[in-house]
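Q: generate a structure from the sequence data that follows.
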Amino acid sequence: MIDRRTFIASAAATVLLPAFGASASETLTYVPGLVEDRLAAGDTVLADFYAPWCSTCRAQERVTDQLRADNPAYDAAITFIRVDWDTYGTGDLATRLQIPRRSTLVLLRGDAELGRIVAGTRGADIEALLNLALA
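A: Numbers count the residues shown, from 1 in each chain. Next comes the predicted model:
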């Protein structure tokens, strides 16, 4: 059951993001319902289960940011959403996707999981994951 405050925040984020000119190279901050809304709209989503204190998460972020800077096709093809592990690590999305820990990257399209990386920081592995969205 979703509480009223979460519903209002989710609805506001969904409605207001386009109005504020969210760019393709932006990483969105997760609120409940955002991933499902973007998938329903036909987007391919990279859900990044991240904690600010996690060194592995920061390494993944550096690699992902560099790959995005080097290849603009990723931003055109993927909606990047950062999911705060400390807030949502035991929430509905993490439970449904069976996320084992922070520093997990999951690529989704429609009802399908295209791939995932758990605690991996190798550039070639993250690039291969992102390339699945381009196929």
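Q: which element is the most centrally placed residue in the chain on?
A: Of all residues in the chain, the one closest to the mean position by CA atoms, centre = their mean is A47, 2.2 Å from it. Using DSSP states H and E, A47 falls within strand 44-50.
Q: what does P32 give?
A: Short version, using DSSP H and E: P32 is in no helix or strand.
Q: for the protein, which spans come out with low pLDDT?
A: 1-24 (pLDDT under 70).
Q: who are the contact partners of A59?
A: T121 (CB atoms under 8 Å, 6 or more residues apart in numbering). (C-beta placed from N, C-alpha, C; glycine too.)
Q: check E61 too.
A: With CB under 8 Å, 6+ apart, E61 has these contacts: 48, 50.
Q: isn't there a strand covering it?
A: No. Applying DSSP: H, G, I helix; E, B strand; the rest coil, one finds E61 to be helix, outside a strand.
Q: from memory the residue nearest to the centre of the chain sits against L28, does it?
A: No. In this structure A47 lies outside contact range of L28 using CB atoms under 8 Å: 10.2 Å.
Q: which neighbours do those two have in common?
A: Both A47 and L28 are contacted by I81, under the criterion CB under 8 Å, 6+ apart.
Q: what's the end-to-end length of stretch 96-112?
A: 12 Å (CA to CA, to the nearest Å).
Q: ok, stretch 93-101 next?
A: End-to-end distance of stretch 93-101 (CA to CA): 13 Å.
Q: show residues contacting it.
A: 30, 32, 35, 47, 49, 83, 85, 88-89, 106, 113, 118-119.
Q: quick one: which of these is nearest Q66?
A: Distance to Q66, by CB to CB, is smallest for A119 among the contacts of stretch 93-101, at 18.6 Å.
Q: now do the phi/psi pair for that closest one.
A: phi 60, psi 20 (degrees, to the nearest 10).
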